[in-house]
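Asks: turn this into a structure:
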Amino acid sequence: MMRTVEILLVIIIMLGAFLTASHFAILPSPRTVSPLNLVKLASTTLQTLDADHSLSDTVFKNSSDPAWTSLQQALSACLPPNIIYNLTVYDTQSASGALYKLNCSISNAANMGVTSLVSSYLATSANANFTVTPQRINNTLYILNCSDANGWWITGYTAQNLAEDLYNMLSPYFEPSSIIMVNNTAQLGKLLNGTDRLGNEIKQNAIVINTFGECVPIPTEYCQGQPRGDEGYDSAGGQYAYTRYCHTLGNRTRAYNWTWVSIVGYPLYYVSNKQFFANQQNNWGIYGMNMTSQGGINAFLRALDGQRFQYNATSIVNGTLMTVYLSQDALNYCNQYGIYPSPSQSATRSLFLSINSTYNLRTTTYLFNPNGGTLAGAVYRNVVSGGLLAIGVARTPDIRLTALGLLCDYKPALIRSEYTVAGTSKLIVLQLGTVGGA
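Replies: Numbering: from 1, shown residues only. Have a look, this model is predicted:
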């Protein structure tokens, strides 16, 4: 019984002590225990107001526009009643001097009290156009578009279709006056004869794209018995006597430091002139053609290396069907220039890597990864002058590969417009405080 009484007395004493201490204790205010985060509140409010882009739309309107009244009403509705605010809009400036210039301000209080915090938000005009301007390649671009020649290994297309598509794809990277469409073999003859030009272009360091696949147009004057026949025909080539013309193309490429582009298939396997070869065909029913076979590309590369003409039928092309993959550099440039061919391709005309040592070449751009000692697409440059972009994919040409190969090699810079140019963006600052300033 005595123990029970003692326990009750202890409980009464402890409870009395707790109540006495609670009466005299000073507890912190709820604001101190859990303070209002004005910065987060301001940031959240700005994002809420612009969830449907109404904030961004309003700040680009005149301050007398009714939209500003609607904005102030929405702002007041988003904030607790004890919060005072000041929303200020600044114009961004790209000229020298102050980066921001006051545009407009709305508030629900004459002053913000002793303590206030801010959050900012950058709004962009819906009418702003941000452009990317490619740096121009300072070279002439010749695109073979000869109406009096036939192509081969360009299944589903004509050379003229491909020429037009290449023009459209590459025109942003060249001055308009430096892109020359070679519309017939007579114009091609002027290009090759060393004196005439097709416009006011500069021949030196030019790019020449052959859109005829495995075939290349030949001017009549370079054919047998014609004024320049000794530069296009040589009986030493036997049944492939027009390999001499391929040697002449290599000579011109070396002399003018051209980059010769073969867009698909076996380079320089045929020559074509609809009129001169009207009764000859390529054994597949395509008339106006004469075969140069494997000697064509050899003759071209011999001339590119400064060697005299000598017919050589050695095969430097692997005709085995293989799957090849874009190199990592090519994939990176796909993203830079916005050109996206399939990263895997079927190739049946890959050049052997041994041509580098045979003809004093160096590979400056790998369009595809090497595969079994061959390359299905690359830019080869002679150590002295001239180059070749050869793409050995199967039949159907993909001009995106051609464009990508050239851009990978020449690497034109992309000039982007500034984000903060005058009139296209505004800085919005929301300053919040509490009634009483504490």
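
Asks: any idea how far stretch 336-356 is from the chain center?
Replies: 18 Å (C-alpha atoms, centre = their mean, to the nearest Å).

Asks: mind listing what's buried in that stretch?
Replies: Using 16 or more other C-beta atoms under 10 Å as the test for burial, stretch 336-356 gives 337, 339, 341, 345, 347-353, 355-356. Bear in mind the C-beta positions are built from the backbone N, C-alpha and C, glycine included.

Asks: between these, which is nearest residue 414?
Replies: Residue 414 lies nearest to residue 337 out of the buried residues of stretch 336-356, by C-beta to C-beta, at 7.7 Å.

Asks: wouldn't residue 145 be in contact with residue 185 here?
Replies: No. Applying C-beta atoms under 8 Å as the test, residue 145 and residue 185 come out as separate, 10.8 Å apart.

Asks: can you give me the helices for the stretch 51-200 of the chain?
Replies: 54-59, 66-78, 159-170, 185-192 (DSSP state H, counting those that start in this stretch).

Asks: centroid residue for this protein?
Replies: Nearest to the mean C-alpha position of the chain, by C-alpha atoms, centre = their mean, lies residue 337 at 0.7 Å.

Asks: for it, give me its contacts.
Replies: 403-404, 407, 414 (C-beta atoms under 8 Å, 6 or more residues apart in numbering).

Asks: and if we set it to 10 Å?
Replies: Contacts for residue 337 (C-beta atoms under 10 Å, 6 or more residues apart in numbering) come out as 132, 134, 169, 172-173, 400, 403-404, 407-408, 411-412, 414.

Asks: check contacts around residue 123.
Replies: With contact set as C-beta under 10 Å, 6+ apart, residue 123 has these partners: 46, 50, 53, 55-60, 89, 424-428.

Asks: identify the farthest-apart pair in these.
Replies: Using C-beta to C-beta, the contacts of residue 123 span at most 18.9 Å, a distance reached by 46 and 424.

Asks: go through the helices of the stretch 51-200 of the chain and name the closest to residue 377.
Replies: In terms of C-beta to C-beta, the element of the helices of the stretch 51-200 of the chain nearest to residue 377 is helix 159-170, at 15.8 Å.

Asks: and stretch 185-201, how far out from the chain middle?
Replies: When distances are taken as C-alpha atoms, centre = their mean, stretch 185-201 is centred 32 Å away from the chain's centroid.

Asks: buried ones in it, by neighbour count?
Replies: 185, 187-192, 198, 201.

Asks: repeat for stretch 51-60
Replies: 55-60.

Asks: strands of the stretch 151-300 of the chain, start to end?
Replies: Here the stretch 151-300 of the chain has its strands, by DSSP state E, counting those that start in this stretch, at 179-182, 207-210, 215-217, 259-262, 270-272, 289-291.

Asks: can you add distance to residue 384 and give those back as JSON lines?
Replies: Formatted as JSON lines, the strands of the stretch 151-300 of the chain follow (distance: least, C-beta to C-beta, whole Å):
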{"stretch": "strand 179-182", "distance to residue 384": "25"}
{"stretch": "strand 207-210", "distance to residue 384": "18"}
{"stretch": "strand 215-217", "distance to residue 384": "23"}
{"stretch": "strand 259-262", "distance to residue 384": "14"}
{"stretch": "strand 270-272", "distance to residue 384": "26"}
{"stretch": "strand 289-291", "distance to residue 384": "30"}
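
Asks: residue 351: what secondary structure?
Replies: strand (DSSP: H, G, I helix; E, B strand; the rest coil).

Asks: wait, it sits on residue 378?
Replies: Yes. Judged on C-beta atoms under 10 Å, residue 351 makes contact with residue 378 at a distance of 7.6 Å.

Asks: identify the contacts common to these two.
Replies: 361, 363, 388, 390-392.

Asks: closest one of those to residue 140?
Replies: Residue 140 has its nearest neighbour among these in residue 388, at 17.3 Å by C-beta to C-beta.

Asks: show me what the closest one is bridged to.
Replies: Assessed by DSSP bridges, residue 388 has beta-bridge partners residue 260, residue 380.

Asks: cool, residue 366 as well?
Replies: Bridge pairing for residue 366 (DSSP bridges) gives the partners residue 378.

Asks: where in this protein is pLDDT low?
Replies: 1-3, 5, 18-19, 21-36, 94-97, 128, 130, 417-423, 436-438 (pLDDT under 70).

Asks: can I see the domain layout of it?
Replies: Here the domain parsing of the chain from automatic domain parsing is 36-125+421-434, 133-415.

Asks: can you give me phi and psi for the residue nearest to the centre of the chain?
Replies: phi -100, psi 0 (degrees, to the nearest 10).

Asks: and if you look at the one 3 residues further on?
Replies: Dihedral angles of residue 340 (phi, psi; degrees, to the nearest 10) stand at phi -130, psi 80.

Asks: give the contact list for it.
Replies: By C-beta under 10 Å, 6+ apart, the residues touching residue 340 are 326, 331, 334, 400, 404.

Asks: just these now: which is nearest residue 84?
Replies: residue 334 (53.3 Å).

Asks: could you check how far the closest residue in space to that closest one that isn't next to it in sequence is from residue 331?
Replies: Nearest residue to residue 334, sequence neighbours excluded (C-beta to C-beta, 6 or more residues apart in numbering): residue 340, at 5.3 Å. Noted for residue 340: a distance of 10 Å to residue 331, by C-beta to C-beta, to the nearest Å.
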